[in-house]
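[1] When you get a sec, could you give me coordinates for this:
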Amino acid sequence: MQRHDVVVVGAGLAGQRAALAAIEAGRDVAIVTKLHPLRSHSGAAQGGINAAVGKEDSVDTHIYDTVKGSDYLGDQDAIEFFCREAGPTVVEMEHFGTIFSRADDGSLARRPFGGAGFPRTIYAADRTGLALLQALYERLGTESFTIYEEWDLTSLVVHDGRVQGIVAFDRRHGDFAAIAAKAVVLATGPAGRIYGRTTNAHSCTGDGLAAAYRAGAALKDMEFVQFHPTALLESSILITEGARGEGGILKNANGERFMSRYAPHVLDLASRDVVSRAIWTEVQEGRGFPGRYVHLELMHLGREKIETRLQEICDFTRAFAGVDPVTQPIPVMPAQHYMMGGISTDLHGEATIPGLFAAGEAACVSIHGANRLGGNSLLETLVFGKQAGLAAAAYAETAATASVTPEDLEGETAHVRAMAARKDGEEPQALRSEMQATMDRYVGIYRSPGDLEEALRRLRALQRRYENVRISETSRVYNLHLTDALETGHMLDLAEVIVVGALARTESRGAHTRLDYPKRDDVNWMRHTIARPGPEGPTLSYAPVAYTRWEPKERVY
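    Residues are numbered from 1 along each chain as shown. Predicted structure coming up:
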């Protein structure tokens, strides 16, 4: 059995930054990842990273924009810490070698993003996540650590009231293995593949969230699911908010710049929940194009600006939509993009089980509240990845030796042996497809009690069917049928948490819009939803929102 001080699960920006911090603190660190680090979903982030570095901008304005963008559900102490760390974090990443785009005077170029009072989104063309990921990976490569690549997390080991390690499936060798650790950092990213129409990679299946939840850790605010306004119509590939930041405009089938109806002051640069609802409303009311979409127009920006600042968008639209954005409008519709909820943590990434830490999209600090501003997610991975790594290292320094027993490993292998032994049973991919169709149909931008109840009924029926899931592939090495089965189980659990939380929250706030409760209800619902596993599904409790300076008021865009 392998043993380390700190095990970081996930090798995107949050995981790598956590590992680097723990290594620099003198701990023996291992990274467990289902993908090569440079294939992590962090590399798909396009538009930029927020930091108030301009002369006309300020940290306080960044804080206020983030509080307002969260629809006042974000914890203001966490937001203040986060925004004050933004400038130093960007400078650090530049020193690590990130090649950011530059303004004519040589300073860091910045573009406007939705919900921001000033242009504060620093970028590397439209490949910002990849630029950051490559620079951090090169920096991490100068340190000594252990990496377990192409390993799928299946469970956390918890004994004596604290986390003692993990169990994972080694795809390359076809075996389950246990790794003992004094501290575990979960940086496994999102669970967007719960939905069928999503900008998330196929690897985004919520493994860390599900493992934490099953171990008894609290999940926070899982009902808040962000839909990005502009995804390619057929493929759901992300079209960065940076396209609108550079001056792109949305138009309906009547040729109207329809955002003037919904956000007359900022138009296409309203927050993502506002723009997504606007597009959906235009289509539902018959002002969309016949295939149920709207247009994003960039043509007026000119070839040079489009092809230099939006290189990846040009590549994607030409390859996957047959559209040249220099001369043609881009067909777009909203798609699931981000989860504001996650493993409940404090400012330092500490979860509700001793020895467990989390960072990035797998965690909920909470800085995003009910709606995330574009440009804050890349910053979150780095700021709180570092904090989680430091806290895990400090915990591991004084923690007792971790203990993982043969029984911990046996529990996982017995489950898989049962799936493999079935001659008849459910196909995991069929269950996954039905789950995705259910979430797309019933748990979208607009929600009603009838739809949510139907979604819960269908998801629980799928969970019962999952108990009879069958693995038909018999190979030990790279058994992707087994991987599909494990991931589908994770997502079914998380989908249930989302729907139960959405049914309980009888208000509209940020990305959660209830048709039967169209107003925000600060008297009853200015609180975080806390979910833990119970005998009959998720059990909910609530926690207060942290205030410092800003009282809730109406959001005006």
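
[2] So in this protein, where's the weakest helix or strand by average pLDDT?
    Lowest by mean pLDDT, DSSP states H and E among the helices and strands of the chain is helix 406-421, with a mean of 88.

[3] Next secondary structure element downstream of that helix?
    Later in the chain than helix 406-421, the nearest helix or strand by DSSP states H and E is helix 428-442.

[4] What helices and strands are in contact with that following helix?
    Packing partners of helix 428-442 (3 or more C-beta pairs under 8 Å, 6 or more residues apart in numbering; DSSP states H and E): helix 449-466, helix 480-504. Any C-beta I mention is one placed from the backbone N, CA and C, and that applies to glycine too.

[5] could you give the mean pLDDT of it?
    Mean pLDDT, helix 428-442: 98.

[6] Could you list the buried residues of it?
    Going by neighbour count (16 or more other C-beta atoms under 10 Å), the buried part of helix 428-442 is 428, 431-432, 435-436, 438-440, 442.

[7] follow-up on the earlier one: among the helices and strands packed on helix 428-442, which is nearest Glu397?
    helix 480-504 (31.4 Å; C-beta to C-beta).

[8] How about the closest one, which residues are buried there?
    Buried-residue list, helix 480-504, by 16+ other C-beta under 10 Å: 481-503.

[9] what's the angle between that helix and helix 406-421?
    100 degrees (axes from the mean of the first three to the mean of the last three C-alpha atoms, to 10 degrees).

[10] circling back: in CSV, list the buried residues of helix 428-442 along with distance to Tyr466.
    Below are those laid out as CSV (distance: C-beta to C-beta, whole Å):
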residue, distance to Tyr466
Pro428, 8
Leu431, 6
Arg432, 10
Met435, 9
Gln436, 14
Thr438, 13
Met439, 15
Asp440, 19
Tyr442, 19
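
[11] Leu269: which of those residues is nearest?
    Using C-beta to C-beta, these come closest to Leu269 at Asp440, 26.9 Å.

[12] Please save the CA atoms from the least confident helix or strand of the chain in PDB.
    Coordinates of the C-alpha atoms in helix 406-421 are reproduced here as PDB (Å, rounded to 0.1, in the frame of the first residue of the first chain):
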ATOM      1  CA  PRO A 406      -7.900  -4.500   3.700                       C
ATOM      2  CA  GLU A 407     -11.600  -4.200   4.300                       C
ATOM      3  CA  ASP A 408     -11.700  -0.700   2.900                       C
ATOM      4  CA  LEU A 409     -10.400  -2.100  -0.400                       C
ATOM      5  CA  GLU A 410     -12.600  -5.100  -0.300                       C
ATOM      6  CA  GLY A 411     -15.700  -3.000  -0.100                       C
ATOM      7  CA  GLU A 412     -15.000  -1.500  -3.500                       C
ATOM      8  CA  THR A 413     -13.900  -4.700  -5.200                       C
ATOM      9  CA  ALA A 414     -16.900  -6.600  -4.000                       C
ATOM     10  CA  HIS A 415     -19.200  -4.000  -5.500                       C
ATOM     11  CA  VAL A 416     -17.400  -4.300  -8.900                       C
ATOM     12  CA  ARG A 417     -17.300  -8.100  -8.800                       C
ATOM     13  CA  ALA A 418     -21.100  -8.100  -8.300                       C
ATOM     14  CA  MET A 419     -21.500  -5.900 -11.400                       C
ATOM     15  CA  ALA A 420     -19.200  -8.100 -13.500                       C
ATOM     16  CA  ALA A 421     -20.900 -11.300 -12.400                       C
END
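
[13] can you pull the contacts of the residue in the chain sticking out farthest from the centre?
    Centroid-distance maximum for the chain: Lys423 at 36.9 Å, with C-alpha atoms, centre = their mean. For Lys423, the contact set (C-beta atoms under 8 Å, 6 or more residues apart in numbering) comprises Arg470.

[14] Then Thr199?
    Applying C-beta under 8 Å, 6+ apart, one finds that Thr199 lies in contact with 44, 192, 228, 231, 236-238, 335-337.

[15] And the buried ones among those residues, selectable in ChimeraX?
    Buried members of the contacts of Thr199, defined by 16+ other C-beta under 10 Å, are picked up in ChimeraX with:
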select :44,192,228,231,236,237,238,335,336,337
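
[16] could the contacts of Thr199 go into CSV alongside secondary structure?
    Formatted as CSV, these follow (DSSP: H, G, I helix; E, B strand; the rest coil):
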residue, secondary structure
Ala44, helix
Gly192, helix
His228, strand
Ala231, strand
Ser236, coil
Ile237, coil
Leu238, strand
Ala335, strand
Gln336, strand
His337, strand
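
[17] What is the least confident helix or strand of the chain packed up against?
    strand 151-159, strand 162-170, strand 175-186, helix 480-504.

[18] residues of it that come out buried?
    So helix 406-421, judged by 16+ other C-beta under 10 Å, has buried residues 408-409, 412, 415-416, 419-420.

[19] Okay, buried residues for stretch 443-450 please.
    Under the neighbour-count criterion of 16+ other C-beta under 10 Å, stretch 443-450 has 443-445, 447 buried.

[20] biggest separation within the residues you listed, which pair?
    Val443 and Ile445 (9.5 Å).

[21] Can I get stretch 240-250 in PDB? Just the C-alpha atoms.
    Coordinates of each C-alpha in stretch 240-250 appear next as PDB, following Å, rounded to 0.1, in the frame of the first residue of the first chain:
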ATOM      1  CA  THR A 240     -16.400  32.600 -24.400                       C
ATOM      2  CA  GLU A 241     -18.000  35.600 -22.800                       C
ATOM      3  CA  GLY A 242     -14.900  37.300 -24.100                       C
ATOM      4  CA  ALA A 243     -16.600  37.400 -27.500                       C
ATOM      5  CA  ARG A 244     -19.200  39.700 -26.000                       C
ATOM      6  CA  GLY A 245     -16.400  41.500 -24.000                       C
ATOM      7  CA  GLU A 246     -14.700  42.300 -27.300                       C
ATOM      8  CA  GLY A 247     -18.000  43.800 -28.600                       C
ATOM      9  CA  GLY A 248     -20.000  40.900 -29.900                       C
ATOM     10  CA  ILE A 249     -23.800  41.300 -29.800                       C
ATOM     11  CA  LEU A 250     -26.800  39.000 -29.500                       C
END
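
[22] Give me the distance from it to the chain's centre.
    Its chain's C-alpha centre and that of stretch 240-250 lie 21 Å apart, by C-alpha atoms, centre = their mean, to the nearest Å.

[23] Please apply the same query to stretch 329-336.
    Taking mean C-alpha positions (C-alpha atoms, centre = their mean), stretch 329-336 and its chain are 19 Å apart.

[24] Same question for stretch 279-293.
    27 Å.

[25] Name the residues that touch that stretch?
    Under C-beta under 8 Å, 6+ apart, the answer for stretch 279-293 is 229, 233, 250, 252-254, 256, 258, 262, 294-295, 331-334, 445-446.

[26] What about these, which are in strands?
    Cross-referencing the contacts of stretch 279-293 against strands under DSSP state E gives 229, 250, 294-295, 331-334, 446.

[27] okay, these in TSV with pLDDT next?
    Shown next, in TSV, are the ones in strands among the contacts of stretch 279-293 (pLDDT from 0 to 100):
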residue	pLDDT
Pro229	96
Leu250	98
Val294	97
His295	98
Pro331	97
Val332	97
Met333	97
Pro334	97
Tyr446	97
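
[28] Redo those residues as CSV? Include distance to Gly369.
    CSV is the format used below for the ones in strands among the contacts of stretch 279-293 (distance: C-beta to C-beta, whole Å):
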residue, distance to Gly369
Pro229, 19
Leu250, 25
Val294, 27
His295, 31
Pro331, 31
Val332, 25
Met333, 25
Pro334, 19
Tyr446, 19
